[in-house]
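**Student:** Attaching a predicted model along with its sequence, questions to come.
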Amino acid sequence: MSRLDAAFAALADPTRRGVIRLLTKEPRRAGELAAALDVRASALTRHLRILRESGLVEEEAGSEDARVRVYRLRREPLEGLRRWIDEVESFWTGQLASFARHVERRRPRSKP
């Protein structure tokens with residue numbers, strides 16, 4: 001599976017999108033994420049594993065306690081998603097511009 005495919009697969013789940021949304025504000029511990037999303041810690045562990053494997057988030061040991069894991073977003077995979085979305089958007093922008101030119105050519109000209 002490509003990085004892009006893994007990112008889209010990870011983002012297909014609403015809980016994982018919720019994790020991403022929360023992490024856009026600041027890095028958080030797993031317990032904070034679970035509480036904010038109202039999910040069991042065991043369920044969140046699975047979601048965090050998928051997000052880590054996709055490369056969207058990374059974990060690091062807490063500064064005060066090495067057993068505590070803090071999760072943060074990774075920029076690179078999000079930039080890859082943005083490039084793909086920009087390519088698709090560019091295609092549709094070109095299609096709409098082409099359609100607009102077609103409509104203009106087909107529009108009857110008014111006589112002066």
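**Tutor:** Thanks, I have the structure now. None of these values were measured; they are calculated from a predicted model. Residues are numbered from 1 along each chain as shown.

**Student:** Confirm Tyr71 sits in a helix?
**Tutor:** No - read with DSSP: H, G, I helix; E, B strand; the rest coil, Tyr71 is strand and lies in no helix.

**Student:** ok, it - how many residues close by?
**Tutor:** Neighbouring residues of Tyr71 were enumerated by other Cβ atoms under 10 Å; the total is 22. The way it works is simple: take the backbone N, C-alpha and C, and place the C-beta from them, glycine included.

**Student:** Verify the contact between it and Leu48 for me.
**Tutor:** Yes - taking Cβ atoms under 8 Å as the contact criterion, Tyr71 and Leu48 are neighbours in contact, 6.4 Å apart.

**Student:** what's the overlap in contacts for the two?
**Tutor:** Taking Cβ atoms under 8 Å, 6 or more residues apart in numbering as the contact rule, the neighbours common to Tyr71 and Leu48 are 19, 30, 33, 57, 59.

**Student:** list the helices and strands the helix or strand of the chain with the lowest mean pLDDT packs on?
**Tutor:** Taking mean pLDDT, DSSP states H and E as the measure, the chain has helix 75-106 as its least confident helix or strand, at a mean of 81. If you count contacts as 3 or more Cβ pairs under 8 Å, 6 or more residues apart in numbering; DSSP states H and E, helix 75-106 packs onto helix 3-11.

**Student:** counting contacts, what elements does the helix it packs on pack onto?
**Tutor:** helix 14-23, helix 41-54, helix 75-106.

**Student:** buried residues in the first one?
**Tutor:** So the one you mean is helix 14-23. Using 16 or more other Cβ atoms under 10 Å as the test for burial, helix 14-23 gives 15-16, 18-19, 22-23.

**Student:** Please apply the same query to stretch 78-87.
**Tutor:** Within stretch 78-87, not a single residue qualifies as buried, counting by 16+ other Cβ under 10 Å.

**Student:** Let's see that stretch as CSV, backbone CA atoms only.
**Tutor:** What follows is stretch 78-87, C-alpha atoms only, in CSV (Å, rounded to 0.1, in the frame of the first residue of the first chain):
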residue,chain,number,x,y,z
LEU,A,78,-0.4,15.8,5.1
GLU,A,79,1.6,17.6,2.4
GLY,A,80,1.3,14.5,0.2
LEU,A,81,-2.4,14.5,0.7
ARG,A,82,-2.5,18.2,-0.2
ARG,A,83,-0.5,17.7,-3.4
TRP,A,84,-3.0,14.9,-4.5
ILE,A,85,-6.0,17.1,-3.7
ASP,A,86,-4.4,20.0,-5.6
GLU,A,87,-3.9,17.8,-8.6
